[in-house]
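K.L.:
with the sequence up front, the predicted model follows.
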Amino acid sequence: MTSAHGARGALPEDGPIHRYAVALGSNRPLSRGLPPPAILESAFTALDEAPLRLLARSRIIVTPPLGPSRRRYANAAALVETALPPHAMLDRLQAIEHRFGRRRFRRWGARTLDLDLLLWSGGGVRTPRLTIPHPAMQDRDFMLAPLREIAPDWRDSRSGRTVRQLAARLARAQPAR
């Protein structure tokens, strides 16, 4: 686990402060030749720009693709603090994705950067546009493994289980290889 406390991500003094767990993924290099792990390093920097403050980041891991994509993914997780409420945070994450060349063409396609809200300090959100906790988090080791590094005791508001417990349950459910 790496902690981050940057002046760039200074928070405003007014309003409630929220914490978010964010999953980062990339499996498509940028046209300037930036490979997926380097894209995630740059994304960590973007997650520490006002009005966001990067509190912690996981290691970057490489995982097999999910769905029809053939490219391996670089995955990681971050803890971010901000005064932005959930939908504004989603807008901010999508703006960062766009800055990194993300275009939403098809589900499961290759992407330069994917930022997903996994957990929120305020509990749950369920709207047509946003669901927190992330609905597939408990079934995805590439989300849980990095998150377990930086927030093992954070509880999923839906199940009441900690990230560590969710990861352990998923590991037990995997067939032997």
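P.N.:
Arrived safely. Residues are numbered from 1 along each chain as shown.
K.L.:
tell me which residue is most central in this structure.
P.N.:
Taking Cα atoms, centre = their mean, the centroid of the chain lies closest to A23, which sits 1.4 Å from it.
K.L.:
can you check the pLDDT for that one?
P.N.:
You'll see A23 listed with a pLDDT of 97.
K.L.:
repeat that for G101.
P.N.:
The score at G101 is 81. That number is its pLDDT.
K.L.:
R158 - how many residues pack around it?
P.N.:
Counted by other Cβ atoms under 10 Å, the residues lying close to R158 total 17. Glycine gets a C-beta too; all of them are placed from N, C-alpha and C.
K.L.:
low-scoring stretches of this structure, by residue?
P.N.:
1-14, 31, 67-69, 102-110, 174-177 (pLDDT under 70).
K.L.:
longest helix in it, please.
P.N.:
helix 86-99 (DSSP state H).
K.L.:
ok, and for that helix, which residues are buried?
P.N.:
By neighbour count on 16 or more other Cβ atoms under 10 Å, the buried set for helix 86-99 is P86, M89, L90, R92, L93, I96, E97.
K.L.:
hmm, who's touching stretch 165-176?
P.N.:
The contact list for stretch 165-176 (Cβ atoms under 8 Å, 6 or more residues apart in numbering) reads M137, Q138, D139, R140, D141, L144, A145, L147, R148, D156, S159, R161.
K.L.:
CA atoms only for it, dumped as PDB, please.
P.N.:
The C-alpha coordinates for stretch 165-176 follow below in PDB (Å, rounded to 0.1, in the frame of the first residue of the first chain):
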ATOM      1  CA  GLN A 165     -14.200 -11.000   3.900                       C
ATOM      2  CA  LEU A 166     -15.500 -10.500   0.300                       C
ATOM      3  CA  ALA A 167     -12.100 -11.300  -1.100                       C
ATOM      4  CA  ALA A 168     -11.800 -14.400   1.000                       C
ATOM      5  CA  ARG A 169     -15.200 -15.600   0.000                       C
ATOM      6  CA  LEU A 170     -14.400 -15.100  -3.700                       C
ATOM      7  CA  ALA A 171     -11.000 -17.000  -3.300                       C
ATOM      8  CA  ARG A 172     -12.900 -19.900  -1.700                       C
ATOM      9  CA  ALA A 173     -15.400 -19.900  -4.600                       C
ATOM     10  CA  GLN A 174     -12.700 -20.200  -7.300                       C
ATOM     11  CA  PRO A 175     -12.100 -23.700  -8.700                       C
ATOM     12  CA  ALA A 176      -8.500 -25.100  -8.200                       C
END
